[in-house]
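Chemist: have a look at this fold, sequence not included:
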Ligand code: ADP
Ligand code: MG
């Protein structure tokens, strides 16, 4: 079940050092649709995230390269209702003495945990508390980010992204740095977020990060969309071998995938 377009990317050409590092002809993420963006290192996955957040600007065209809910122009607050992003880059910014509760609340201000205490309303505090519960990190509320494991810190950043109740959560390499148990718990949390009605875009090079809720796969290769379609049609030996440039055998078990 998928709905209205949330993010539409059209004819977006990102050039660095005279080379197109990402070209997207036509790519849409929709309300309630869970998508995995799969591709090897250097495929352009993080550049795609940058396009969405506007940290990366494509070549100028007559048509706007990125539409949010059909709009070419939007302010930051409108954007935060459409999508939240969690990435390693963001996590690097947070290796400091900010508490988990403050990290989540900082989402309201778009800051890295710096705001005046008196600006925090009761409803903000309540929302943050509910999110800490939802993400199973209520017991960590007073701990500083530096003292957390990678998985715990990433949960805090998800909380930060979810304060505005975005329609879509974009996760760039969400299981990077997590051990098997940490990965399992983290993916279980992503499933819970999907169940709560938030669309997921999981960006990864591991097919094992594709939670069963994902129905569509977008494959990126050499800065281009290599394939885009229904999960079962795309997660085949042939297309994965083509994507990664190596022999590939994919196995599905109970909605999860492994690559051999
Ligand atoms: P991925 O996230 O899929 O690993 P990236 O989007 O980070 O890939 O990068 C795609 C390609 O673009 C890589 O080859 C990378 O080296 C290159 N690239 C990214 N940013 C820049 C930049 N600012 N200048 C030059 N090349 C870049
Ligand atoms: Mg990347």
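Modeler: Yep, it's here. Keep in mind that what you see is a predicted model, and the values were worked out from it rather than measured. Ligands and ions are numbered 1, 2, ... in the order given.

Chemist: now do the helices for the chain: every range, in order, please.
Modeler: 45-53, 76-82, 88-93, 100-109, 122-134, 150-162, 180-195, 231-234, 237-244 (DSSP state H).

Chemist: how close does the spatially closest residue to residue 48 that is not a sequence neighbour sit to residue 73?
Modeler: Once flanking residues are discounted, residue 48 sits nearest to residue 22: 6.2 Å by Cβ to Cβ, 6 or more residues apart in numbering. Just so you know, the C-beta spots here come from the backbone N, C-alpha and C atoms, and that holds for glycine as well. Noted for residue 22: a distance of 22 Å to residue 73, by Cβ to Cβ, to the nearest Å.

Chemist: more neighbours, those two?
Modeler: residue 22 (25 against 8; other Cβ atoms under 10 Å).

Chemist: what pLDDT is listed against the more buried one?
Modeler: pLDDT for residue 22: 97.

Chemist: wait, doesn't it sit right on residue 49?
Modeler: No: applying Cβ atoms under 8 Å as the test, residue 22 and residue 49 come out as separate, 10.4 Å apart.

Chemist: burial of residue 165, as a residue count?
Modeler: Neighbour tally, residue 165, other Cβ under 10 Å: 13.

Chemist: residues contacting it?
Modeler: 81, 198 (Cβ atoms under 8 Å, 6 or more residues apart in numbering).

Chemist: check residue 43 too.
Modeler: 205, 220, 221, 222, 223.

Chemist: for residue 28, state which of those residues is nearest.
Modeler: residue 220 (15.0 Å; Cβ to Cβ).

Chemist: wait, doesn't the closest one sit right on residue 35?
Modeler: No: using Cβ under 8 Å, residue 220 is not in contact with residue 35, being 11.9 Å away.

Chemist: any low-confidence regions in the stretch 101-250 of the chain?
Modeler: 112-115, 117-118 (pLDDT under 70).

Chemist: relative to residue 43, how far out is the spatially closest residue to residue 243 that is not a sequence neighbour?
Modeler: Among residues not flanking residue 243 along the chain, residue 219 sits closest, at 5.0 Å (Cβ to Cβ, 6+ apart). Relative to residue 43, residue 219 is positioned 8 Å away (Cβ to Cβ).

Chemist: residues from this protein in reach of ligand 1?
Modeler: 16, 17, 21, 39, 41, 42, 43, 44, 45, 46, 47 (Cβ under 6 Å from any ligand atom).

Chemist: switch the cut-off to 5 Å
Modeler: Counting by Cβ under 5 Å from any ligand atom, the residues of the chain lying close to ligand 1 are 16, 17, 21, 41, 42, 43, 44, 45, 46, 47.

Chemist: show me the contacts for the fourth one.
Modeler: When contacts are counted by Cβ under 8 Å, 6+ apart, residue 41 touches residue 205.

Chemist: if we use 10 Å, what do you get?
Modeler: Residue 41 is in contact with 173, 205, counting by Cβ atoms under 10 Å, 6 or more residues apart in numbering.

Chemist: before we move on, what about residue 58?
Modeler: Contacts of residue 58 (Cβ under 10 Å, 6+ apart): 9, 11-15, 20, 22-24, 47, 50-51, 64-66.
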